[in-house]
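Enquirer: next comes the sequence, and after it the predicted model I'd like to discuss.
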Amino acid sequence: MKERFADVGRGITLCFDEIGDPGATPLLLIPGLGQQLISWPEQLCGSLAGLGFRVIRLDNRDSGHSTHIKAKPPGPLAMMTGRFPPTTYNLRDMARDTEGLLDALGIERAHLVGASMGGMIAQVVASRYPQRVRSLTSMFSTTGAPKIGRPALSTWIKMASAPTAHVAEDAAKAELRMFRHIGSHGFGFDAQGVAEQAVAAWGRDPTSGGVSRQLAAILASGDRTAELAGVTAPTLVVHGDRDRMVATSGGLATHRAIPHSTLWIVPGMGHDYPRALWTDFTQRIGTHAADADTDRPGSNDAPHARARRPRKRTESVAKAGGTSNISEGA
């Protein structure tokens, strides 16, 4: 999948790639804290595309090949006190980036799937830009409410004691150490896959300051529970019952906050995408998205085996000035 770049406004350029029919219904995958577009497994993306979706993966600002903010990362004192410098952005800014990507691609409405921090960003898009969202899938995420969806103490300790990676091998060791802890203990651990992705991520972006700035964005956004009550998009909330990074209480709170949402608690799943669940993820996300389109007012779609039906409809908006702000990667 060839990387492309989009100017989404406010000096931010997002890197993204696509798989599937360009004329199919768009499904946007938003990664979590410090993660990159490659954190979404290609095989899983291919399976979703096989259901008839135009699957789009992106690097959030401050990760991968997207724009990195030049401001100094907030320090521990700012994180603990909440007194962030004026340069600190928040989840609303990241949601505007996402909306800007939809504008750049000429997409009026898309299905949003976000994981962890990506779930938070998708939630904000759905609450603030409801007209852009066909459906929302929030995976192992939370609402920002105090004492809800917090990492386990053992996870905080591991994060605080993690050594700085200076080469790709260090990055691989660090990822293996962390994901052995926060991963899905109810399923087999794919050590080779984790190490390979860590090396690939290091090759795309060996910097670390973006993680702190993204974490500050989460903390600066506070409790979004009241805002989530305004989400109107059909919503699927996915969470594991063994998540040591975002406690299961985060998924439960998200489900309670979003009216008429569907909750899927996955036994044995932690804070990752275990290979054994890829088929289930594909079917659940695909069916949820297709059902949302079928139930949309004005839809002429007939009942069907929804997760298997190709969807070819696409919607677009005119670009200001009629000029494109999309560029191709090298």
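Expert: Thanks, I have it.
Enquirer: give me the pLDDT for Pro297.
Expert: Listed pLDDT for Pro297 reads 55.
Enquirer: now swap in Lys312 and tell me
Expert: Reported pLDDT for Lys312: 31.
Enquirer: shaky segments in this protein?
Expert: Counting by pLDDT under 70, the chain contains low-confidence ranges at 296-325, 330.
Enquirer: which helix of it spans the most residues?
Expert: Secondary structure assigned by DSSP state H gives helix 278-295 as the longest helix of the chain.
Enquirer: any buried residues in stretch 72-91, and which?
Expert: 73-74, 78-79, 84, 88-91 (16 or more other Cβ atoms under 10 Å). Just so you know, the C-beta spots here come from the backbone N, C-alpha and C atoms, and that holds for glycine as well.
Enquirer: typo on my end, stretch 275-291
Expert: In stretch 275-291, counting by 16+ other Cβ under 10 Å, buried: 277-278, 281-282, 284-291.
Enquirer: elements contacting the helix or strand harbouring Gly210?
Expert: If you go by DSSP states H and E, Gly210 is part of helix 209-221. Counting contacts by 3 or more Cβ pairs under 8 Å, 6 or more residues apart in numbering; DSSP states H and E, helix 209-221 packs against helix 76-81, helix 91-104, helix 117-128.
Enquirer: let's see it at 6 Å
Expert: For helix 209-221, there is no helix or strand it packs on, judged by 3 or more Cβ pairs under 6 Å, 6 or more residues apart in numbering; DSSP states H and E.
Enquirer: show residues contacting that helix.
Expert: Identification of contacts with helix 209-221 by Cβ atoms under 6 Å, 6 or more residues apart in numbering yields 33-34, 62-63, 68-69, 73-74, 84, 88-91, 144.
Enquirer: restricted to helices, list these.
Expert: Per DSSP H, those map to helices at Leu91.
Enquirer: for the contacts of helix 209-221, give me CSV that also has distance to Ile56.
Expert: CSV is the format used below for those (distance: Cβ to Cβ, whole Å):
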residue, distance to Ile56
Leu33, 20
Gly34, 20
Asp62, 19
Ser63, 16
His68, 21
Ile69, 23
Pro73, 28
Pro74, 30
Phe84, 30
Thr88, 27
Tyr89, 22
Asn90, 23
Leu91, 20
Gly144, 26
